[in-house]
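**Student:** Below are the sequence and a predicted model for it; my questions follow.
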Amino acid sequence: MLAKRIIPCLDVDKGRVVKGHQFQNIRDIADPVELAKRYNEAGADELVFYDITASHEERPIFLDIVEQVAAEIAIPFTVGGGIRSIQDIHQTLRAGADKISINSAAVNNPELIKEAAQKFGSQCIVLSIDAKQVSSQKWHIFIKGGREDTGMDALEWAQQGEQLGAGEIVVNAIDTDGDKNGYNLALTKAIADHVNVPVVASGGAGSKSHIAEVLTKANADAALAASVFHYNDIRIPELKIDLEENGIPVRRSCYG
């Protein structure tokens, strides 16, 4: 089994890290640069930065903040939000991102995934999926910060994204986002079983056991979380030790 990855997520709005519940009731948490430095030092495997209102507001991503964060960390850095074109991807990579996460733009123009993968390589193109359950074992893709139901089947879209060239898929379950009651194991496993690229689980982490569950029972390659790390409910070094003691491989070099 390959080493599992632990990935903190910075949801950024107006230059500040924020967090909400099912994409609502957004509250301020911290400065993104300071928080990024903390995670880099704590042994996070990667870091994700989402400009959560860029797509909805139809504006460019805050590249100055991306540059500031990238300058402070030495771990792989994924950036998303407001990415609509090859030029946007190019500028964001030049600002210091290692991977680019696309969501709404990929739904509106699936060929963007293919073009980006061909130009920059599949390894740095991440398809981010915001999914919500609409009936038993059926999930739809939502865009624009979870505001708009596309009617697209999440499993089919994940497969299409892989075929177009996405090298990784982030599965964010809107139903469990911010609940801290656990990831959506059914959704995550369904997508992981339908694709051959790494799957990152997102939405619902509240304890170390939740992270262990999604990495084993749902076949996720990585676990992404926000508030449990931001508020130190879970400390990354302790989490990695706990995972390893439970037979889940992690990258030891990240925590000594």
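**Tutor:** The structure has been received and is ready for your questions.
**Student:** can you tell me how far N232 sits from R38?
**Tutor:** Distance, N232 to R38, by CB to CB, to the nearest Å: 10 Å. Backbone N, C-alpha and C define where each C-beta goes, glycine included.
**Student:** For the residue nearest the centre of the chain, list each beta-bridge partner.
**Tutor:** The residue lying closest to the centre of the chain (CA atoms, centre = their mean) is V170, at 5.1 Å. Counting by DSSP bridges, V170 is bridged to S128, V200.
**Student:** Next secondary structure element downstream of the lowest-mean-pLDDT helix or strand in the chain?
**Tutor:** Every helix and strand of the chain was ranked by mean pLDDT, DSSP states H and E. The lowest is strand 24-30, at a mean of 61. Toward the C-terminal end, the helix or strand that comes next after strand 24-30 (DSSP states H and E) is helix 32-42.
**Student:** can I get the CA coordinates of that following helix in PDB?
**Tutor:** Extracted in PDB, the C-alpha atoms of helix 32-42 (Å, rounded to 0.1, in the frame of the first residue of the first chain):
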ATOM      1  CA  PRO A  32      -3.200  32.100   5.100                       C
ATOM      2  CA  VAL A  33       0.600  32.700   5.000                       C
ATOM      3  CA  GLU A  34       1.000  32.200   8.800                       C
ATOM      4  CA  LEU A  35      -1.200  29.100   8.700                       C
ATOM      5  CA  ALA A  36       0.600  27.700   5.700                       C
ATOM      6  CA  LYS A  37       4.000  28.100   7.600                       C
ATOM      7  CA  ARG A  38       2.500  26.200  10.500                       C
ATOM      8  CA  TYR A  39       1.400  23.300   8.400                       C
ATOM      9  CA  ASN A  40       4.700  23.100   6.600                       C
ATOM     10  CA  GLU A  41       6.500  22.800   9.900                       C
ATOM     11  CA  ALA A  42       3.900  20.400  11.300                       C
END
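**Student:** and that helix, what does it pack onto?
**Tutor:** Packed against helix 32-42 by the contact rule (3 or more CB pairs under 8 Å, 6 or more residues apart in numbering; DSSP states H and E) you find strand 5-13, strand 16-21, strand 47-51, helix 63-70, helix 236-245.
**Student:** Let's have these in TSV, adding distance to A226, mean pLDDT and mean neighbour count.
**Tutor:** Putting the helices and strands packed on helix 32-42 into TSV (distance: least, CB to CB, whole Å; pLDDT from 0 to 100; neighbours: other CB atoms under 10 Å) gives the following:
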stretch	distance to A226	mean pLDDT	mean neighbour count
strand 5-13	5	94	25
strand 16-21	6	70	18
strand 47-51	9	94	26
helix 63-70	15	95	19
helix 236-245	13	96	18
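**Student:** can I get these in a markdown table with distance to A225?
**Tutor:** Below are those laid out as a markdown table (distance: least, CB to CB, whole Å):
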| stretch | distance to A225 |
| --- | --- |
| strand 5-13 | 7 |
| strand 16-21 | 10 |
| strand 47-51 | 10 |
| helix 63-70 | 18 |
| helix 236-245 | 10 |
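**Student:** Out of these, which is closest to P76?
**Tutor:** Ranking those by distance to P76, with CB to CB as the measure, places strand 47-51 first at 7.5 Å.
**Student:** Touching that closest one from outside, list them.
**Tutor:** Residues external to strand 47-51 that are found in contact with it (CB atoms under 8 Å, 6 or more residues apart in numbering): 7-13, 32, 36, 39-40, 61-62, 65-66, 69, 73, 75-82, 97, 101, 170, 224.
**Student:** quick one: contacts for the nearest residue to G204 once chain neighbours are set aside?
**Tutor:** Closest residue to G204 apart from its sequence neighbours, by CB to CB, 6 or more residues apart in numbering: T176 at 3.3 Å. Shown in contact with T176 (CB under 8 Å, 6+ apart): G182, Y183, N184, G203, G204.
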